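# Structure for this input, please:
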Amino acid sequence: MAASVLDCVFTLPCMQEALEKLVHLQELEQQAQALSLQIAQYTGRVEVREAALYDTGRLLEQIATALAKESSLRRSLELDAEDMREKSARYRIQLDDARSDGQVKALEHQLKFCKKEIDRIDELEFASLMETEALEVKQRLLHETRANQMQLLETEKAKSQLGRDRDKVKLAELYRQRDEARQAANPELLAEYDRMARAHKMPIATVEQQRCSACQMMVRPQRWNEIRQGAVHFCESCGRFLYFNPAIDLSDAMHLPSAPKKPAGLAKDAAHPKPTGSDRPQRED
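Next comes the predicted model:
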């Protein structure tokens, strides 16, 4: 296995500097990756604004269609009402000329039907007017919303463009530093780093409390001591480089020397103090 061979080759204190260069390389690549994601998010924020504006436009189209439908309905109702009124006028003329009770009753029945239909049509027209008024209120609010969304979209586009241009400059600088770090890295360690980078998100893991920070596998005591001395080792579980960072792992600082013990005699005297002269009983004359 390649990891076991490298363990034999690179377990020297002088390799600590080479490993630190790889750590620096990994930090640069992580920063570049985070910055690339941030640049992609600029486009996402603009798309969210555009989607909201599109949805508002769809609602406005639906309201415009509904308003046109209500307007067409009222025109049809007006024609129906006008037709009923004309029929009612003819029936009244015929009623005046009626000669029999049967004709009178038939014409009165038709007049009642016309009046009932006219009242029903008036109610439908009123309901259509109320619906139209509600739709027009929604339409005005949506027009205001759309105007605000258009302004927010233009603002977001401007901010995103500025942020994208700024971050692209930073990303180019990170790529330049990354290339320099790769050139300065140990070729054999860099080859192993690249091999693990294709399989892992992070080729290097810190050792904290004698555990690999990536997979939480315990590191054997001998390896743990060698890693702290600057040797290069790989995790036996996940295969990553193991790196000891004293600023993160304070296990060495936690082993503080214990307080010195007092001699047995001093401890005994402290537990049972001798009486002083002032404590002795005074002689009475």
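# give me phi/psi at the closest residue to Gln16 other than its chain neighbours?
Leaving aside its sequence neighbours, Gln16 sits nearest to Gly230 (CB to CB, 6 or more residues apart in numbering; 3.2 Å). Glycine gets a C-beta too; all of them are placed from N, C-alpha and C. For Gly230, the backbone dihedrals are phi 110, psi 0 (criterion: degrees, to the nearest 10).
# With Phe234 instead?
The phi/psi pair for Phe234 (degrees, to the nearest 10) is phi -120, psi 150.
# for Pro246, same thing?
The phi/psi pair for Pro246 (degrees, to the nearest 10) is phi -60, psi -30.
# Quick check: it vs Glu108, distance?
108 Å (CB to CB, to the nearest Å).
# what do you get for Thr56?
From Thr56 to Glu108 the distance is 56 Å (CB to CB).
# who's more crowded, these two?
Under the neighbour definition other CB atoms under 10 Å, Thr56 and Glu108 were set side by side, and Thr56 has more, 18 against 13.
# give me every residue that touches that one.
Residues in contact with Thr56 (CB atoms under 8 Å, 6 or more residues apart in numbering) are Leu142, Thr145, Arg146, Gln149.
# follow-up on the earlier one: how much space separates the residue nearest to Gln16 from Gln183?
Gly230 is 22 Å from Gln183, by CB to CB.
# ok, these two, which is more surrounded?
Gly230 (17 against 9).
# separation between the more buried one and Arg178?
24 Å.
# in the stretch 1-150 of the chain, what spans have low per-residue confidence?
1-14 (pLDDT under 70).
# What segments of it are helices?
With helices called from DSSP state H, counting those that start in this stretch, the stretch 1-150 of the chain shows them at 2-10, 15-97, 101-184.
# would you turn the ones you listed into TSV with distance to Glu226?
As requested, the helices of the stretch 1-150 of the chain are arranged in TSV below (distance: least, CB to CB, whole Å):
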stretch	distance to Glu226
helix 2-10	10
helix 15-97	10
helix 101-184	24
